[in-house]
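# dropping a prediction and its sequence here:
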Amino acid sequence: MALETDFIVIGSGIAGLRASIELAKNGAKVSVLTKSKTSDSNTEWAQGGVAVVLSDDDNAELHEGDTLVAGAGLCDEKAVEILVTEGTKYIKQLIEWGTEFDREGGKLVFTKEAAHSRRRILHAHGDSTGKEIVRALVARARQEQAINLLPFSHAESFIVRDGRCVGVRYLDPILKAERDIFAKGVILCTGGAGQLYQHSTNPPVATGDGMAMSYFAGAEIADMEFVQFHPTALNLENAPRFLLSEAMRGEGAILRNAHGKRFMGDYDERLELAPRDIVSRSIVSEMRRTGTRTVFLDITEKSEEFLKHRFPKIYETCKYFDLNIAKDLLPVSPASHYTMGGVRTDLWGRTTIPGLYAAGEVTCTGVHGANRLASNSLLEGLVFGARAGKSAVVDSSEFRVQSLELKEENPKSKVQNPKSERIATAVSKRVKRVMWERVGIVRDAESMQRALSEFEQISQANLSKASRNFVTLALMVTKAALWREESRGGHFRSDFPERDKDWKVHSIQKQGEEISTSEKINFQKGAEA
Ligand code: SIN
């Protein structure tokens, strides 16, 4: 039987939780679908912190300026202004709701990260900022009786009728079968697609399904060529690429090559605090120059006592792998970290499909442009999650939920058989590897053409929905990266190494159409919620 609710939110990271709370505050019933546990999201893994204008020597113009510089000419200025000005209000609210950011003598402590002109990054429990925010938001969401959290409910597709998104088809974890749920509006907050790459700092759930679902429903997807690679993921055989937060470099950690030499001075005068794309490429270049596969992060200047307190999670994780961060050099290499591109939205989270809204890393709001400023993503999820919730309520005031009988009485079981699981694993492994080797930190036409042919071939096979989504995303990133014949922000082409003013446009992809361009991400003309 089909279900009905007022609104459906897909994803329970910072954007999804904040959107759900906003909807419930406005008297709406909300069903929150997540494909894993409620706490399993990119947000939960966020270490470094959240950038916000709250310290005495900071102001919104400075934060805005830093964000625009990082975005390399492709930020939407209005979106950035909203981020930095409304961000302060929403962070204060998060503190009122019980989020415990780190303090000294009762005062909030701010750290510095690359490309920020001020110390403006709040953190919690040293390096567990995302976890603390999710804890506080889940606790706040649980106070709202109208919010129904549905973990292990994997959204599969949007139900679109007469051009409007009216519901979601998902895999019911109890029935182990597809089920439809109808609503006045759907807010997509499924996070990014870091898992497209063989090496990623992201959790396994970051497979970009929301972007692929939106594409197949007919939404516009923007700027997929812009992927951010974090310079310092732990690089140990048979260990996950655990993130060694940029905040470590903010606190003075330096990078050394395989011979122990500090090398960032050879690449950029900002040294270890140059923007992430520059540090990542410098590391790749230094590895090639020295014929090695790793470089080292060195924070041994700091005392063990300081490090245990400031980076407790990193300290413990490295200890598990027999590394003492106060004494040992830490082997690191870059890994995919953040997807700047995504579902195109206006300034209120509206996508190009009426009834479908989106917030957080799954979107392209124009906030990040070609390269995200460190620690701006939690802030984006918070601000634009709340805005999407507000606009969904206002826009749908005249709309009544209408469930449609779309499927057979006895739904077919969707339990995967071992053979199809093996095929899905093989497809995912191959795609990740090709993405890493051919559409990674340094790209060129020849390499990407080969990736494109291989993905096109894979996409002809009889694939599961998840594999189809995954290959489609790989195709989208590759096509956009091939199309953009310049280097800008997170997209670097060795065959077009310079930024070119003629490419100061966004790539827009829509199913069944060639890539088109737009000067702006925000597609609405003056529509406010
Ligand atoms: C980090 O802690 O280095 C990650 C912060 C971010 O990606 O914004």
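Received the coordinates, thanks. Here the structure is a predicted model, which is why all the values come from computation and not from measurement.

# quick one: contacts of the host helix or strand of residue 307?
When elements are assigned from DSSP states H and E, residue 307 belongs to helix 304-310. Here helix 304-310 makes contact (C-beta atoms under 8 Å, 6 or more residues apart in numbering) with 126, 127, 247, 251, 299, 302, 315, 324, 325, 326, 327. C-beta: built from backbone N, CA, C; applies to glycine.

# check the fourth one and give its pLDDT.
Right, the one you point to is residue 251. Residue 251 carries a pLDDT value of 94.

# check residue 415 too.
So, for residue 415, pLDDT stands at 55.

# now residue 503
pLDDT, residue 503: 98.

# grab the nearest non-local neighbour of it.
residue 486 (4.4 Å; C-beta to C-beta, 6 or more residues apart in numbering).

# go ahead and confirm that neighbour touches residue 495.
No - counting by C-beta atoms under 8 Å, residue 486 sits too far from residue 495 to count as a contact (10.1 Å).

# tell me which of the two has more neighbours.
residue 486 (16 against 12; other C-beta atoms under 10 Å).

# circling back to that earlier point, any buried residues in the helix holding residue 307, and which?
Of the residues in helix 304-310, those buried by neighbour count under the rule 16 or more other C-beta atoms under 10 Å are 307, 308, 310.

# and the average pLDDT for that helix is what?
97.

# mind starting the numbering at 13 from now?
Okay, using 13 as the starting number, the last item reads as helix 316-322.

# how far is it from where the chain is centred?
The chain centre lies 29 Å from the centre of helix 316-322; the measure is C-alpha atoms, centre = their mean, to the nearest Å.

# right, is the helix or strand following that helix up against the ligand?
Scanning forward in sequence from helix 316-322 by DSSP H and E, the next helix or strand is helix 324-332. No - figure legend: helix 324-332 not in contact with the ligand (C-beta under 6 Å from any ligand atom); closest approach 9.5 Å.

# so what touches helix 324-332?
59, 137-140, 246, 254, 256-257, 260, 319-320, 336-337, 340, 342.

# now, which of those residues sits nearest the ligand?
residue 257 (3.3 Å; C-beta to the nearest ligand atom).

# report the two of the contacts of helix 316-322 separated the most.
Across the contacts of helix 316-322, the longest distance by C-beta to C-beta is 19.6 Å; it joins 259 and 339.

# distance to residue 364 added to the buried residues of helix 316-322, as JSON lines?
Listed next are the buried residues of helix 316-322 as JSON lines, based on distance: C-beta to C-beta, whole Å:
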{"residue": "319", "distance to residue 364": "47"}
{"residue": "320", "distance to residue 364": "49"}
{"residue": "322", "distance to residue 364": "44"}
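
# which among those gets closest to residue 171?
residue 322 (47.8 Å).

# for the closest one, give its distance to residue 492.
Counting by C-beta to C-beta, to the nearest Å, the gap between residue 322 and residue 492 amounts to 38 Å.

# returning to that earlier point: distance to the ligand added to the buried residues of helix 316-322, as a markdown table?
Formatted as a markdown table, the buried residues of helix 316-322 follow (distance: C-beta to the nearest ligand atom, whole Å):
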| residue | distance to the ligand |
| --- | --- |
| 319 | 15 |
| 320 | 18 |
| 322 | 12 |
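
# mind giving me the packing neighbours of the helix or strand of the chain with the lowest mean pLDDT?
Within the chain, no helix or strand scores below helix 54-57, which has a mean of 80 by mean pLDDT, DSSP states H and E. Counting contacts by 3 or more C-beta pairs under 8 Å, 6 or more residues apart in numbering; DSSP states H and E, helix 54-57 is packed against helix 141-154.

# can I assume residue 344 sits in a strand?
Yes - looking at residue 344 with DSSP: H, G, I helix; E, B strand; the rest coil, it is inside a strand.

# can you name the residues bridging to it?
Here residue 344 sits in beta bridges with residue 246, residue 307, as judged by DSSP bridges.

# quick one: the helices in the stretch 413-541 of the chain, in order.
Assigned by DSSP state H, counting those that start in this stretch, the helices in the stretch 413-541 of the chain fall at 430-450, 457-471, 477-495.

# ditto for the stretch 263-412 of the chain
Under the criterion DSSP H, counting those that start in this stretch, helices of the stretch 263-412 of the chain are mapped to 288-302, 316-322, 324-332, 389-407.

# before we move on, what about the stretch 13-162 of the chain?
Counting by DSSP H, counting those that start in this stretch, the helices of the stretch 13-162 of the chain are 26-37, 54-57, 72-82, 89-108, 141-154.

# deepest of those helices, which one?
helix 26-37 (a mean of 28; mean count of other C-beta atoms under 10 Å).

# doesn't residue 96 make contact with residue 72?
Yes - assessed by C-beta under 8 Å, residue 72 is found in contact with residue 96 at 4.6 Å.
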